[in-house]
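J.: quick one: sequence plus predicted model below, questions after.
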Amino acid sequence: MDPAIRQPKRFHRLAILPTPRSTVIGGAFILFIGLCVVPVIYMFIVSLITADSTLTFDNYRRLLVESRQRDLLLNSTLLGACSALLATLLGSPLGLLLARARLPAKQVLRIALIIPLIIPPYVLALAWILFTSSTGLLARIIGRDLFSGWTYSFAGAVVVLSLAYYPLSMLATEAASRRVDGHLEEGALLVTNTRRVLWRITVPLITPIVAAAALTTFVLGLSEFGVPSLMRVRVYTTEVFTAFAALYDFGTATALAVPLLAVTFIVAVTIKLIIGERFISDRRSVYPALPVTLDRYRIFVFAGTILVLTASVVLPLMTLAYEAGNFQRFTSTLEGSGAAIINSLSLAAIAATLIIVLATFLGYWRGRTKRRWRGLFDLVLLVIFAVPSTVLGVGLIGLWNRPGLFGKIYTSQVIIIIAYIARFVTVAALILAASVRQIPESLEEAAEVAGGSWPRTFAQIVIPNIVPGVAAAWLVSFILAVGELGTTILVAPAGESTLPVRIYTLIANTPSSEVAALALMEVGIVLIPLAMLAILTRSGLERRGERGG
Amino acid sequence: MGDSFIRLVEVTKGFGNGPVVDRVSLDVTEGEVVALLGPSGCGKTTTLRLIAGLETPDEGEIWIAGERVATIGNNLLPPRARGIGFVFQDLALWPHMTVEGNLNFVLASARMKRPERQVRIDEVLRLVHALSFAKRYPAQLSGGEQQRAAIARAIVGRPQLLLLDEPMSSLDSDLKASLLHELATLQKRLQLTTVYVTHNRQEAEALAHRVVSMNGGRIERDVKAEFSSEQ
């Protein structure tokens, strides 16, 4: 044999020693369980134990017997359900149009319609309050108070939450519509007309994804703290906050959290059952699907789209800009809230980076594993994602507020970073799992056969191919962290504040102009990195010749 | 062991619904080109992946170059240590690296020094007529160019064994014929022990010294090719 030919290497590893892959992924799982799962389990345990460490069901007995609890459960569930329904009615048709119809400036329209998703919902609520309240912009313009009754109401909260979350339904519908194999529709077109094909073939095929998006919106509505709190709607999340922050009643706060956790768990299981493995898969159909023609409905579609865009983006931002007044208002606001803005930016950036490190390994495992309990992992991710912010806040306080090292962490800004990780690592893990699934396994196998070790393959093959996913996950984590209110307001150490907490605490006793200026700055903070990501992704794909015309 | 370079002894592999490869025994001598021929789902790709170490046998043993590399439920030698060049069905060119970068990864993994790497990369790219598109990314290549790049990557590490998993299934017949001819010439020159998986009998007979037909996870026929490239 030619001596230059590569011979099999002597390769000895004790079977009991963990591989680099299992060591790294195992470490990521330990961190995930410690930071994200334990606080939720802790809540359950604490709600069952009295101050003198005996088992009690008192907290739960009160939930069953008190009519106040039943009203809260009804309010919370209705808020989630109505928001989900309205968001789906707004978002789904838009998603179908973006996927299938010929629209002018479609890319610009898509970006504009996604904007509400990056504006924290309580900023939208604030804008609507500033617009419709008795002293609001509308009343000042027309000289009459028409909508103040609506401003602080259940219906108002439903509308604001729907405007905040319809892009979720829109994006899910668009993705699902693009994935429908065009051959399925063409087969039906041989025997019936386009409208019937749309209703009998296309809609049933995309329904599971649309339903899953609706359920996700339901969970978000159920878990939302800022909007019902600002619009004075009493739901579980606001009561948990009151029980803990105002009354410092830890037992009641944890017990109030339990029905919410139970409902979110049921919804999470339902979502998982509906979408199964599509949970993290996003492969497009190989054959283009049937286009939708608008014909005489064009004018109605155009008017509807403009209406949604006006209500969700244009009007809120214009109201905030009008209320903020001139440029000097921004500079004076910066003087008073500079520290909160810097805190928000730096803590969100650090947390987003740490989230990516952790989520990359979790997402990689989820994207690649063939083990049966990957379904259980999906469920855990969904439940953790669905845990309401104030509930998680109480859990983190109970877990970290103790003497020693834990106490030092609890009284520093690190607890805010931990809160961000606990809240949003699941979202990043799902984005990255989907990214990993997009890479053919053969790329890694080719590297393995070619002699690459796992760390080398991971660093040089996997990571470069999920860069867009990593960037998107970082940005999503950053946006969510910058806008986080419910958990931060509970865990933030004395004297430390973030921009959302500052806005929330200023609303009651500060001129609306300053609050509006701060809210606009918050929107600006998330828009800048979004634009940067769009530019970077575009140039990266162009370099590799992967962009279509 | 005799003079077998690859030996599969009663190898079985399943994925939950019965065996995909069922008690397969196969011997390949050094320098021999064997084609595994059969319809989709007959177990030929799984057999190839078992040889590469990308799957672990449920039963049986696999030997390469006189060394036992896999036994029941256990890969004794991982894929990266088996001295294999593999051309995947989808080619699996790393899309974020240029053609040159793809080859460089293989040599860097073997800890070859940088100046030596460049010499070896140029040598192999010249051999497969791929020098002109060395700096291009996979997405910028035609089907035939991608094929050459994948073959270059498979042989750049001087493997002792070349495994090809239906690498020409997506090419048109003219390009396929031309590349098959080049591959046969290359094999003759390098004298690499080769296992070639295909469902196309003409392709198998054009390249292989021996054609092993598989069906239902088992070997049905094992015959010397009638029109092999050597004849």
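T.: Now that the structure is in, tell me what you want to look at.

J.: show me the beta-bridge partners of residue B:62.
T.: residue B:8, residue B:70 (DSSP bridges).

J.: ok, now which ones touch it?
T.: The neighbourhood of residue B:62, defined by Cβ atoms under 8 Å, 6 or more residues apart in numbering or on different chains, consists of B:6-9, B:11, B:50-51, B:68-71. In short, each C-beta sits where N, CA and C put it, glycine included.

J.: go through these and give me the one with the most neighbours.
T.: Counting neighbours by other Cβ atoms under 10 Å in any protein chain shown, residue B:11 leads the contacts of residue B:62 with 28 neighbours.

J.: so residue B:14 makes contact with residue B:23?
T.: No: Residue B:14 sits out of contact with residue B:23 when judged by Cβ atoms under 8 Å, with a separation of 11.5 Å.

J.: contacts for stretch A:452-459?
T.: A:19-21, A:24, A:364, A:444, A:447-448, A:460-461, B:80, B:105, B:109.

J.: circling back to that earlier point, so which of the contacts of residue B:62 is the closest to chain A?
T.: Chain A has its nearest neighbour among those in residue B:69, at 7.3 Å by Cβ to the nearest Cβ.

J.: check whether the residue minimising distance to the centre of chain B sits in a helix, strand or coil.
T.: Residue closest to the average C-alpha location in chain B (Cα atoms, centre = their mean): residue B:163, at 1.2 Å. At residue B:163, secondary structure determined by DSSP: H, G, I helix; E, B strand; the rest coil is strand.

J.: list the residues that contact it.
T.: Neighbour list for residue B:163: B:48, B:51-52, B:84-87, B:194-195, B:197 [criterion: Cβ under 8 Å, 6+ apart].

J.: looking at these, which is nearest chain A?
T.: The closest of the contacts of residue B:163, once distances to chain A are taken by Cβ to the nearest Cβ, is residue B:86, at 4.4 Å.

J.: count the residues that sit near that closest one.
T.: 28.

J.: where does chain B dip in pLDDT?
T.: Applying pLDDT under 70 to chain B picks out residues B:1-2, B:170, B:225-231.

J.: which bits of it sit near chain A?
T.: Within chain B, the residues that sit near chain A (Cβ under 8 Å from any Cβ of the partner chain) are B:30, B:52-54, B:64-65, B:67, B:69, B:74, B:77-86, B:88-90, B:92, B:94-97, B:105-106, B:109-110, B:136-137, B:139-140, B:153, B:157-160.

J.: which ones among these map onto strands?
T.: Using DSSP state E, B:64, B:67, B:69, B:74, B:84-86 are the members of the residues of chain B next to chain A that sit in strands.

J.: among those residues, name the buried ones.
T.: B:64, B:69, B:84-86 (16 or more other Cβ atoms under 10 Å in any protein chain shown).

J.: for those residues, which two are the farthest from each other?
T.: Farthest pair in those (Cβ to Cβ) is B:69 and B:85. Separation: 15.7 Å.

J.: for burial, what's the neighbour tally of residue 129?
T.: In the absence of a named chain, chain A is used. Residues lying near residue A:129 (other Cβ under 10 Å) number 22.

J.: you looked at the wrong chain, it should be chain B
T.: 13.

J.: can I assume it is in contact with residue B:147?
T.: No: shown here, residue B:129 and residue B:147 do not form a contact pair, counting by Cβ under 8 Å, at 10.9 Å.

J.: need the contact list for the nearest residue to residue A:506 once chain neighbours are set aside.
T.: Spatial nearest neighbour of residue A:506, excluding adjacent residues (Cβ to Cβ, 6 or more residues apart in numbering or on different chains): residue A:515 at 5.3 Å. With contact set as Cβ under 8 Å, 6+ apart, residue A:515 has these partners: A:126, A:323, A:503, A:506-507.

J.: now neighbour count, pLDDT and distance to residue A:153 too, for these, in a markdown table please.
T.: Shown next, in a markdown table, are the contacts of residue A:515 (neighbours: other Cβ atoms under 10 Å in any protein chain shown; pLDDT from 0 to 100; distance: Cβ to Cβ, whole Å):
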| residue | neighbour count | pLDDT | distance to residue A:153 |
| --- | --- | --- | --- |
| A:126 | 29 | 91 | 16 |
| A:323 | 23 | 86 | 21 |
| A:503 | 28 | 88 | 21 |
| A:506 | 19 | 84 | 23 |
| A:507 | 18 | 81 | 17 |
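
J.: span of stretch A:219-234 from start to end?
T.: With Cα to Cα, to the nearest Å as the measure, stretch A:219-234 spans 17 Å from end to end.

J.: tell me where chain B has helices.
T.: Taking DSSP state H, the helices of chain B run over residues B:44-52, B:99-109, B:114-127, B:143-155, B:173-190, B:201-207.

J.: pick the most deeply packed of those.
T.: helix B:44-52 (a mean of 25; mean count of other Cβ atoms under 10 Å in any protein chain shown).

J.: what separates that one from the chain centre, distance-wise?
T.: 9 Å (Cα atoms, centre = their mean, to the nearest Å).

J.: elements contacting the helix or strand containing residue A:123?
T.: Residue A:123 belongs to helix A:121-132 when elements are defined using DSSP states H and E. Where contact means 3 or more Cβ pairs under 8 Å, 6 or more residues apart in numbering or on different chains; DSSP states H and E, helix A:121-132 is packed against helix A:137-142, helix A:148-151, helix A:154-179, helix A:226-230, helix A:315-324, helix A:499-507, helix A:512-543.
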